[in-house]
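# okay, predicted coordinates and the sequence, questions at the end:
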Amino acid sequence: MKILFGVQGTGNGHISRSRELVRKLREDGHEVQVVISGRREEELQEIEIFQPYRVLKGLTLVTYRGRMNYIETMFRLDFLTLTADVLSLDTAGVDLVVTDFEPVTSLAARMKGIPSVGFGHQYAFPFHIPVARGNLFERYTLLNFAPAQYNAGLHWHHFNQPIFPPVIPESLYRASMPAVSPKKVLVYLPFEEVEDVDNLLQPFKEFEFFIYGKVRESFDFENHHFRSYSREGFLNDLLECCGVVCNAGFELPGEALHLGKKLLLRPLDGQIEQESNALAMVELGYGMAMHSLDPDAMRHWLAQPGIPPRNYRRTVDYIAAWIGSGRWDELRAFTDAAWQDRDPVVERVGEPAALEPLDAESA
């Protein structure tokens, strides 16, 4: 198939999971053209695998000190450029649009009558999963920012819904597991100011904190190790740490659960997806959440024991098999196969398997 693949560029998690699916689709023989939007090209990192790609303006959500800034977001919306970008896309011969919460390709599919697949955590929300209350604007934005005809949603647990497990980077499957340091903590709070994160961690001198976020150059100060973003360095610190403190996005918590790292989530205020993720994490018993940079919550979490690894399988194999099959109405057979770790080859994916209910034991 000829596939137009849209990637939301505002978060590293979108890029990380899309990188894995684009690679797998090309391995399976599909022709994949990529559009990235939401961030300037010079700000994007490790996107070479997407070539050939186009970078467009798209739409961006604005944050300040850990909160959504809806007023600034509205001022920055540029619907004229968005429409021009949609009309400029060459969709001749495109059989399918896959969008990872990317609005330009989503809108192009709707305007031009091309079948579309939504790929990512946001596409689990049309199903029955834990959802924070939020307001009408937040709920509408989550469901209509980049809608698709078919949904390949992702979550940390299936909730007996037709959703897939998280996408784990290939590099984590290949990585040799180093010894875990019981005092090493990975901190990734990109929506917070560096000085606020530094103040949160000051009381805990016995731990070594490796801090990623709004840091341009790496430096060390006592037990605080500030690091500029590097995928390789970040993954090494993730493998070695005992726990992760991060915003309540989806990809990093999924990687941490896969590896067995205890989690403390700080959801972005006013962002219903992150608030819902924090809710699900606590309901599942997989980790803890704090709704401010709270030293007491941090102290309680640091005293908690580790967690067993969840060992998620190669989800992109199942998603790519579903996409390639053309059986887009038969989602449940492929999602159940992914959770049961059955053979992802299309011809061997049969009737949906019975999945265990969500209860205290299965969570």
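Thanks, I have the structure now. If you're wondering where the values come from, they're calculated on a predicted model, not measured in any experiment.
# can you give me the offset of stretch 217-235 from its chain's centre?
22 Å (Cα atoms, centre = their mean, to the nearest Å).
# quick one: residues in contact with it.
12, 45-46, 169, 171-172, 175, 186, 188, 194, 198, 201, 204-212, 215-216, 237 (Cβ atoms under 8 Å, 6 or more residues apart in numbering). Quick note: C-beta positions are derived from backbone N, CA and C, even for glycine.
# list only those of those residues flagged as buried.
Buried subset of those (neighbour count, 16 or more other Cβ atoms under 10 Å): 12, 169, 186, 188, 198, 201, 204, 207-212, 237.
# those in helices, which ones?
12, 198, 201, 237 (DSSP state H).
# stretch 247-256: how far from the chain's middle?
7 Å.
# cool, stretch 206-220 as well?
22 Å.
# for residue 134, give its distance to residue 270.
Computed as Cβ to Cβ, to the nearest Å, the residue 134 to residue 270 distance reads 8 Å.
# about what we covered before: adding pLDDT and distance to residue 304, write the buried ones among the contacts of stretch 217-235 out as a markdown table.
Below are these laid out as a markdown table (pLDDT from 0 to 100; distance: Cβ to Cβ, whole Å):
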| residue | pLDDT | distance to residue 304 |
| --- | --- | --- |
| 12 | 77 | 26 |
| 169 | 90 | 26 |
| 186 | 98 | 15 |
| 188 | 95 | 19 |
| 198 | 95 | 23 |
| 201 | 97 | 17 |
| 204 | 98 | 14 |
| 207 | 98 | 13 |
| 208 | 98 | 17 |
| 209 | 98 | 16 |
| 210 | 98 | 19 |
| 211 | 97 | 20 |
| 212 | 94 | 22 |
| 237 | 96 | 20 |
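# and which of the residues you listed is nearest residue 251?
Residue 251 lies nearest to residue 12 out of these, by Cβ to Cβ, at 7.5 Å.
# what packs against the helix or strand where residue 34 lies?
Assigning secondary structure by DSSP states H and E places residue 34 in strand 31-37. Here strand 31-37 touches strand 2-8, helix 12-27, strand 53-56, helix 103-112, going by 3 or more Cβ pairs under 8 Å, 6 or more residues apart in numbering; DSSP states H and E.
# how far off centre is stretch 235-247?
That offset, for stretch 235-247, works out to 16 Å (Cα atoms, centre = their mean).
# ugh, wrong one, I meant stretch 5-17
8 Å.
# closest one to residue 87 out of the buried ones among the contacts of stretch 217-235, please.
For the buried ones among the contacts of stretch 217-235, the closest approach to residue 87 (Cβ to Cβ) belongs to residue 12, at 29.3 Å.
# give the contact list for that closest one.
Applying Cβ under 8 Å, 6+ apart to residue 12 gives the contacts 45, 229, 251.
# again, only this time at 10 Å
Applying Cβ atoms under 10 Å, 6 or more residues apart in numbering to residue 12 gives the contacts 44-46, 188, 190, 212, 229, 231, 234, 249, 251-252.
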